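# Turn this into a structure:
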Amino acid sequence: MDIRKKVVSKARQNARQSVPYICMANKSGTANLPLHYGKVPAWLHQRMALLGEAICEAVVVSEGRSGFLSRLSDPFWFQSFGAVLGMDWHSSGITTSVMGALKKGLQQKQDELGIYVCGGRGKHSLKTPEELIRLSDRLSLDGKALVRASKLTAKVDNTAVQDGYSLYLHSFVVTADGEWVVVQQGMNDIEKQARRYHWHSTGVQSFVEEPHGAIIGPNKGNIVNLTDKRSRDARNAAVNIIKEKPSTITDEVKHILSARHLQMPHHHEVRPTDVFLKRLHAVLTLAQESQTANFEGLLLTQGLGPRTMQAMALVAEVAYGAPSRFEDPARFAFAHGGKDGHPHPVPLRVYDATIQNLKNALSKSKVGHTEKLKAFKRLDTQIRLLEKTATGPSFQAIIDNEWKQSSAYGGMTILGKTSDGVEPKIRGKKATSKKQLSLFI
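I've put the predicted structure just below:
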């Protein structure tokens, strides 16, 4: 069995299905994800931390701290962020790995950027109040209010509405100005499914007492809803909260319509329907040297060839792209692949070059040399311009080419290097069935 088939087979062992969602009116968004198991390899986690910190800094330089928090609270951007970091493009593991990498990556730069990540998975989530109090004392923030927000967002998603999902991750991201975002995830052990919840302080009007505009999803039996006004006594006994006046029905409808929800598909491989091919063709076109003549500041960087330019262009889009650009998160996996080989192995040499180039641009901008950072930012604009005319190979041909060149780029998967047998035996032959073909896409 060649390595490509082995990687896909291993990844499929961890794949699970996802289900419809509950949308909370005061949330900024939700996401349903197949529940996957396994651990992120150290070689990938270290790079995720470095690139995650660099992208965070790039966004802060361009849009400020609030701009980064706004992006972090968007489930579509978050999924695209995780994909461009080389994590599985649609699994539940993207939440824990991204927040863990971001917390690690920002440790040395949190005071400089004014962005702090508290909490985390399992026992680390229980330390969130303690971390927030220490941080608030140091930054002169209202620690009690932040702790209250942390507890209430967790109570609403985990206790006030008992929908079968128990929280196992609670990450609280706060700025030096006191603005915050909560990213937390629950697990349904029986159904083998995960659900991610996003909260942003700028959109929270009521934590409790009928905060829902609606509960959407198939009838799975009785649901305990302690936010119902008829459950007031039980609610007061369960959580220590201050009752706030509920919004009108009109306001709740507006909230429910504005909340963004990401529903990831059941399948684990990246399929043509998961990607806007026109946008991917624009990235590939930009990566050719003839199309990058206007980016001298980037091209003169040692080691920045067409493949690294492809990755840099997708990273630039994550850092600077408009919200409408993230409706197909799978496309961003074509920057640095995925540890499970979907859509292709992680090209370590390209990944390292992306980190180094972005960090160099950020470093130079601090001393007044902003040319490289401006050129990096222009990549996002150039992609949108090229979409009007860009054409290219088929979706399968793009994936096949990435696998073909994988060993040259230092390709890695959960099974190790791709130097041995990266070429699938099926290449060049007609698949006998959709099942057979699915093993290689």
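# Now do the same contact list for Met187.
Leu35, Ser92, Tyr165, Ser166, Tyr168, Gln193, Ala194 (Cβ atoms under 8 Å, 6 or more residues apart in numbering). Every residue, glycine included, has its C-beta placed from N, CA and C.
# Show me the one in those that has more neighbours than the rest.
Ser92 (29 neighbours; other Cβ atoms under 10 Å).
# just checking, that one touches Ala194?
Yes. Using Cβ atoms under 8 Å, Ser92 is in contact with Ala194, at 3.5 Å.
# so where's the stretch 251-400 of the chain uncertain?
251-268, 288-304 (pLDDT under 70).
# would you list the contacts of Met187 in CSV and tack on secondary structure, distance to Phe376 and pLDDT?
CSV is the format used below for the contacts of Met187 (DSSP: H, G, I helix; E, B strand; the rest coil; distance: Cβ to Cβ, whole Å; pLDDT from 0 to 100):
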residue, secondary structure, distance to Phe376, pLDDT
Leu35, coil, 36, 62
Ser92, coil, 31, 72
Tyr165, coil, 39, 77
Ser166, strand, 41, 82
Tyr168, strand, 36, 88
Gln193, strand, 38, 76
Ala194, strand, 34, 79
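# With distance to Lys372 as added columns, please give those residues in a markdown table.
Shown next, in a markdown table, are these (distance: Cβ to Cβ, whole Å):
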| residue | distance to Lys372 |
| --- | --- |
| Leu35 | 41 |
| Ser92 | 36 |
| Tyr165 | 44 |
| Ser166 | 46 |
| Tyr168 | 41 |
| Gln193 | 43 |
| Ala194 | 39 |
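# quick one: Ala390 and Leu277 touch, right?
No. Between Ala390 and Leu277 there is no contact under Cβ under 8 Å: 9.7 Å.
# Just the closest of the contacts of Met187 to Lys339, please.
Closest to Lys339 out of the contacts of Met187 is Ser92 (14.2 Å), distances taken as Cβ to Cβ.
# where does the nearest residue to Thr391 once chain neighbours are set aside land in three-state SS?
Nearest non-adjacent residue to Thr391, counting by Cβ to Cβ, 6 or more residues apart in numbering: His281, 5.9 Å away. Following DSSP: H, G, I helix; E, B strand; the rest coil, we place His281 in the helix state.
# distance of His281 from Ile398?
9 Å (Cβ to Cβ, to the nearest Å).
# Excluding covalently adjacent residues, which one is nearest to Trp43?
Nearest to Trp43 is Met412, by Cβ to Cβ, 6+ apart, at 6.4 Å.
# what about that neighbour, which SS state?
Strictly by three-state DSSP, Met412 counts as strand.
# Can you get me a residue count around it?
23.
# I'd assumed Thr418 was in contact with it.
Yes. Shown here, Met412 and Thr418 form a contact pair, counting by Cβ under 8 Å, at 7.0 Å.
# Common neighbours of these two, please.
In contact with both Met412 and Thr418: Pro345, using Cβ under 8 Å, 6+ apart.
# quick one: the strands in the stretch 251-400 of the chain?
Using DSSP state E, counting those that start in this stretch, the strands of the stretch 251-400 of the chain run over 260-263, 346-347.
# Would you give the sheet partners of the shortest one, along with the direction of each?
Using DSSP bridges, the strands paired with strand 346-347 are strand 411-413 (antiparallel).
# And the next helix or strand past the partner strand?
Downstream of strand 411-413, the first helix or strand assigned by DSSP states H and E is strand 416-417.
# and the gap between the residue nearest to Trp43 and Tyr116?
In terms of Cβ to Cβ, Met412 sits 31 Å off from Tyr116.
# Please report how far the residue nearest to Tyr409 when sequence neighbours are not counted lies from Leu135.
Spatial nearest neighbour of Tyr409, excluding adjacent residues (Cβ to Cβ, 6+ apart): Pro347 at 3.4 Å. Plainly put, Pro347 is 37 Å away from Leu135 if you go by Cβ to Cβ.
# More neighbours: the two, which one.
Regarding Pro347 and Leu135, a neighbour count based on other Cβ under 10 Å identifies Pro347 as having more, with 28 against 18.
# which residues touch the more buried one?
Contacts of Pro347 (Cβ under 8 Å, 6+ apart): Arg307, Ala311, His336, Gly337, Ser406, Tyr409, Gly410, Gly411.
# now, which of those sits nearest Glu63?
Once Cβ to Cβ is applied, the member of these that ends up nearest Glu63 is Ala311, at 21.6 Å.
# Now the element after the strand or helix carrying Gln46, going C-ward?
Assessed by DSSP H and E, Gln46 sits inside helix 42-72. Downstream of helix 42-72, the first helix or strand assigned by DSSP H and E is helix 75-84.
# could you give the angle of that next one to helix 42-72?
Orientation check (axes from the mean of the first three to the mean of the last three Cα atoms, to 10 degrees): helix 75-84 against helix 42-72 gives 160 degrees.
# After helix 75-84, heading C-terminal, what element do we hit next?
helix 93-105.
# Now do that following helix, average pLDDT.
Here helix 93-105 scores 91 as its mean pLDDT.
# One more: stretch 117-128?
92.
# ok, and for that stretch, which residues are buried?
For stretch 117-128, burial by neighbour count (16 or more other Cβ atoms under 10 Å) applies to Val117, Cys118, Gly119, Gly120, Arg121, His124, Ser125, Thr128.
# per-domain residue ranges of this structure.
18-263, 272-438 (automatic domain parsing).
# what number of residues lie near the residue nearest to Thr391?
Applying other Cβ under 10 Å, I find that His281 has 19 neighbouring residues.
# before we move on, what about Glu130?
Glu130: 12 neighbours (other Cβ under 10 Å).
# Next: Val182.
If we define neighbours as other Cβ under 10 Å, then Val182 has 28 of them.
# Three-state assignment for it, please.
Quick answer, by three-state DSSP: Val182 is strand.
# and it, what is it in contact with?
Here Val182 is in contact with Ala149, Ser150, Thr153, Ala154, His170, Ser171, Phe172, Val173, Tyr197, His198, Trp199 (criterion: Cβ under 8 Å, 6+ apart).
# What score does Pro20 have for pLDDT?
Value listed for Pro20 in the pLDDT field: 31.
# How about the one 5 residues further on?
The per-residue pLDDT reported for Ala25 equals 35.
# what does Arg195 give?
For Arg195, pLDDT reads 80.
# For it, give the beta-bridge partners.
Going by DSSP bridges, Arg195 forms beta bridges with Asn32, Gly186.
# what number of residues lie near it?
Arg195 - counted by other Cβ under 10 Å - has 26 other residues nearby.
# Is Tyr116 within a helix or a strand, and which one?
Using DSSP H and E, Tyr116 falls in strand 115-121.
# Can you list the strands that that strand pairs with?
Applying DSSP bridges, one finds strand 115-121 paired with strand 166-175 (antiparallel).
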